[in-house]
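Student: pasting the sequence and the predicted model now:
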Amino acid sequence: MGACFTLARAALIAVGCLLLALWLGAAIGETSIPMDVVAKTVANRVFHAGYPLDAIDEGIIWNYRLSRAVVAACCGAALAMSGVVLQSLLRNPLADPYILGISAGASTGAVGVAILGFGAGMLTMPLGAFMGAIVAFALVSLLALRAGSGNSAIILAGVAGSQLFNALTSFIVTKAANAEQARGIMFWLLGNLSGVRWPDVWLALPVAVGGFVVCLWHARALDAFTFGSESAASLGIPVRRVYIILTGVSALMTAIMVSIVGSIGFIGLVIPHAARMIVGVRHGRLLPAAALTGAVFMIAADILSRTIIAGQVLPIGVITALFGAPAFALILSQRRRAV
């Protein structure tokens, strides 16, 4: 009874933090809008409450800021969960979609569809990004297997794969894109939420929620993987099936988010470590904590990207790197002290 009450209280706190972050994301910007106007706008649009509001303020909140905040939350949660899963499966604290080349492969696939028209119109950017992510991770895994079974092999292979697919993306943009396309693609590759609207929400939200459910369903398997695949197999975990499912889900979440907002680093690397410091290593708690922390962090980064320089929107990848790199350095120094 007490455990259920504690769990329910934690869930309520988590939902409250997420709703507050979304509320602030809709209210704060170059033009500040009162918090009560945000609440009334949502009431008007969802429940047809009929509050008299300024049409411009209501349009900014609903058509621009709120959808942007929701997609930012989905992106942060998905990338953080992918980092948790990859770090557990590979037993490497440096594993994340960005370092392992998954984000770079997704970018190449999305750019290939957008500029070169791969698939003759049958492939969409999200599907192209997913195929690129799968190819990139398969290539990195194959390279790591050939390089050896050391703990650092997968990271070194990921760095090589990232450079390869980033180079391919740059080649495609340079060779096939016109000046306007090249400018838009290069800004998008740094992380861009400016063009996000409600159709993007209906793509990002189901993927993030579905990925969370699948990952949480395999939380006990992830706990077993902490001690290695052989130990997991001895505990009755179907190692190959779990590995394929979870890496596929991680690649899918990463690819969909990359196709919407571009390639964003450090979320999948730093947020899992921060969440472990708060709730420990058990994945039943770690996955929800990482998802919530990643969502709130991405909303905060988006707010900063719109307000840190007056009249200008910075790529959100710049903000995550500016905060993520020092945070990761701090985490590394603390781990070294602990050892």
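Tutor: That came in fine, so what should we check first?

Student: if I look at residue 240, what pLDDT would I see?
Tutor: pLDDT for residue 240: 90.

Student: my bad, residue 80
Tutor: Confidence score, pLDDT, at residue 80: 96.

Student: what of residue 261?
Tutor: Residue 261 is assigned a pLDDT of 91 by the prediction.

Student: could you do residue 121 as well?
Tutor: pLDDT, residue 121: 58.

Student: same question, residue 1
Tutor: 57.

Student: so residue 88 sits right up against residue 225, yeah?
Tutor: Yes. Counting by CB atoms under 8 Å, residue 225 is a contact partner of residue 88 at 5.1 Å. All C-beta atoms are positioned from the backbone trio N, CA, C, and that covers glycine.

Student: distance of residue 266 from residue 79?
Tutor: 9 Å (CB to CB, to the nearest Å).

Student: could you do residue 27 as well?
Tutor: Residue 27 sits 24 Å away from residue 79 when distances are taken as CB to CB.

Student: who's more crowded, the two?
Tutor: Shown here are residue 27 and residue 79; by other CB atoms under 10 Å, residue 79 has more neighbours (36 against 20).

Student: and that one, what element?
Tutor: helix 67-90 (DSSP states H and E).

Student: alpha carbons only: can I get the following helix or strand past that helix in CSV?
Tutor: Moving toward the C-terminus from helix 67-90, the next helix or strand (DSSP H and E) is helix 102-111. Provided in CSV are the C-alpha atoms of helix 102-111 (Å, rounded to 0.1, in the frame of the first residue of the first chain):
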residue,chain,number,x,y,z
ILE,A,102,22.7,6.6,-35.4
SER,A,103,21.8,10.3,-35.6
ALA,A,104,24.3,10.9,-38.4
GLY,A,105,22.8,8.0,-40.4
ALA,A,106,19.3,9.2,-39.8
SER,A,107,20.3,12.7,-41.1
THR,A,108,21.8,11.2,-44.2
GLY,A,109,18.7,9.1,-44.9
ALA,A,110,16.4,12.1,-44.3
VAL,A,111,18.5,14.4,-46.5
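
Student: name the helices or strands packed onto helix 102-111?
Tutor: With contacts taken as 3 or more CB pairs under 8 Å, 6 or more residues apart in numbering; DSSP states H and E, helix 102-111 sits against helix 125-147, helix 153-176, helix 239-261.

Student: check which helices and strands the helix holding residue 79 sits against.
Tutor: helix 2-27, helix 198-217, helix 219-225, helix 239-261, helix 267-279, helix 283-307.

Student: if I look at the closest residue in space to residue 302 that isn't next to it in sequence, how far off is residue 285?
Tutor: With sequence-adjacent residues excluded and distances taken as CB to CB, 6 or more residues apart in numbering, residue 302 is closest to residue 72, at 4.5 Å. In this view, residue 72 and residue 285 are 23 Å apart by CB to CB.
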